[in-house]
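Asks: let's see this in three dimensions:
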Amino acid sequence: MKKVMQGAQQIWAEVDIAVFTVRDNQLHLLLVKRPEDSSAFPGVWALPGGALTKYLGEAGSSREAAMLELRAKTGAEAPYLEQLGTFDGKDRDPRGWTVSIVYFALIPYDRVSLKAEARWWPVKGHGVGTKLAFDHAEILQTAVQRLRSKLEYTAIAGHLLGEEFTLPQLKAVYDIILDEEVPEMSFRRNAERSGVLEETGGLEESKGHRRAKLYRFTRDARTALFFPRSLVRSAEKTKKSGKSKKPA
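Replies: Numbers count the residues shown, from 1 in each chain. Predicted coordinates:
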């Protein structure tokens, strides 16, 4: 671990990553089980993470170190990674004062092959159904809030779906992450009028049913910091105004 000396105290610099995917119609978080012989939270599930000093010779930034640590601990590669924040304190780790630069990442489920010690856990509300090491429960809550917020004004959902998707698949991601059902007809209408989606010209693979059109986020939407119009808020306003209709 990289340490900063302050009198007799040592401050450890670390990086942690909150990784999300969507599987089985539910948001999931990637966790790793800590070694049974660890001096801190042995055998407890935790976010992938570790000391920055391990990557002093390989990484030029904490972001690069996060990518390397994620791959080393879980075997996963994250196509989307952004900094969530900094968590620190003398009580978050029983071994001493730590400062952790935390990232959150999104991965399409079908693109991941995990190591044996890593596992996906379903997210319920702002938590998972197991105790988490350190202050990782607090980090998870912050990460879920950030994800739900960014879903409304960025193309972040595309990183959970891949390059191409149908409108029902896109709506399902919104429903799952927001933990509520967005009105279908108003969502479809607002999605088509938003200017942030474009048809790819392809159709989904399907048997026995009419195949749905495939869409993708436009180049401008993928690089913009925000949408000019929120698909979710527009759908909510339509519902509240009494204009939403049930699908035929």
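Asks: helices of the protein, start to end?
Replies: Along the chain, counting by DSSP state H, helices occupy 62-74, 136-151, 158-161, 167-178, 184-193, 219-223, 231-240.
Asks: in the fifth one, what counts as buried?
Replies: So the one you mean is helix 184-193. By 16 or more other Cβ atoms under 10 Å, the buried positions in helix 184-193 come out as 184-191. Quick note: C-beta positions are derived from backbone N, CA and C, even for glycine.
Asks: nearest to Gln83, of the residues you listed?
Replies: Proximity of these to Gln83 (Cβ to Cβ) peaks at Ala191, which lies at 28.8 Å.
Asks: now Phe134: closest residue in space that isn't a chain neighbour?
Replies: Closest residue to Phe134 apart from its sequence neighbours, by Cβ to Cβ, 6 or more residues apart in numbering: Arg92 at 5.3 Å.
Asks: from Ile176, how far off is the one you found?
Replies: Distance of Arg92 to Ile176, given as Cβ to Cβ, to the nearest Å: 30 Å.
Asks: low-confidence ranges, the chain, go.
Replies: 1-9, 207-208, 222-248 (pLDDT under 70).
Asks: walk me through which strands the longest strand belonging to it pairs with, and which way each runs.
Replies: Assignment by DSSP state E gives strand 9-23 as the longest strand of the chain. When sheet partners are counted by DSSP bridges, strand 9-23 sits next to strand 2-6 (antiparallel), strand 26-33 (antiparallel), strand 49-51 (antiparallel), strand 97-106 (parallel).
Asks: contact partners for the residue nearest to Phe134?
Replies: By Cβ atoms under 8 Å, 6 or more residues apart in numbering, Arg92 lies in contact with 98, 100, 134-135.
Asks: tell me which of the helices of the chain sits nearest to Asp110.
Replies: helix 158-161 (10.2 Å).
Asks: contacts for the closest one?
Replies: 20-22, 79-80, 106-108, 165, 169-170, 173, 216-217, 222.
Asks: among these, filter down to the buried ones and hand me the ChimeraX syntax, if you would.
Replies: Buried members of the contacts of helix 158-161, defined by 16+ other Cβ under 10 Å, are picked up in ChimeraX with:
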select :20,21,22,80,106,107,108,165,169,170,173,216,217
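Asks: one step back: what are the buried residues along the longest strand of the chain?
Replies: Neighbour counts using 16+ other Cβ under 10 Å place 11-22 of strand 9-23 among the buried residues.
Asks: the inter-axis angle of it versus helix 167-178?
Replies: 140 degrees (axes from the mean of the first three to the mean of the last three Cα atoms, to 10 degrees).
Asks: and strand 9-23, how far out from the chain middle?
Replies: Centre-to-centre, strand 9-23 and its host chain are 13 Å apart (Cα atoms, centre = their mean, to the nearest Å).
Asks: just the CA atoms of that strand, as PDB, please.
Replies: The C-alpha coordinates for strand 9-23 follow below in PDB (Å, rounded to 0.1, in the frame of the first residue of the first chain):
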ATOM      1  CA  GLN A   9       0.200   7.600  11.800                       C
ATOM      2  CA  GLN A  10       0.100   6.000   8.400                       C
ATOM      3  CA  ILE A  11      -2.500   6.900   5.700                       C
ATOM      4  CA  TRP A  12      -3.000   4.200   3.100                       C
ATOM      5  CA  ALA A  13      -4.000   5.100  -0.500                       C
ATOM      6  CA  GLU A  14      -6.400   2.600  -2.300                       C
ATOM      7  CA  VAL A  15      -8.800   2.300  -5.200                       C
ATOM      8  CA  ASP A  16     -12.200   0.500  -5.100                       C
ATOM      9  CA  ILE A  17     -14.700  -0.200  -7.900                       C
ATOM     10  CA  ALA A  18     -18.500  -0.600  -7.800                       C
ATOM     11  CA  VAL A  19     -19.400  -2.600 -10.900                       C
ATOM     12  CA  PHE A  20     -23.000  -3.000 -12.100                       C
ATOM     13  CA  THR A  21     -24.700  -5.200 -14.600                       C
ATOM     14  CA  VAL A  22     -28.300  -6.100 -15.500                       C
ATOM     15  CA  ARG A  23     -29.200  -9.800 -15.500                       C
END
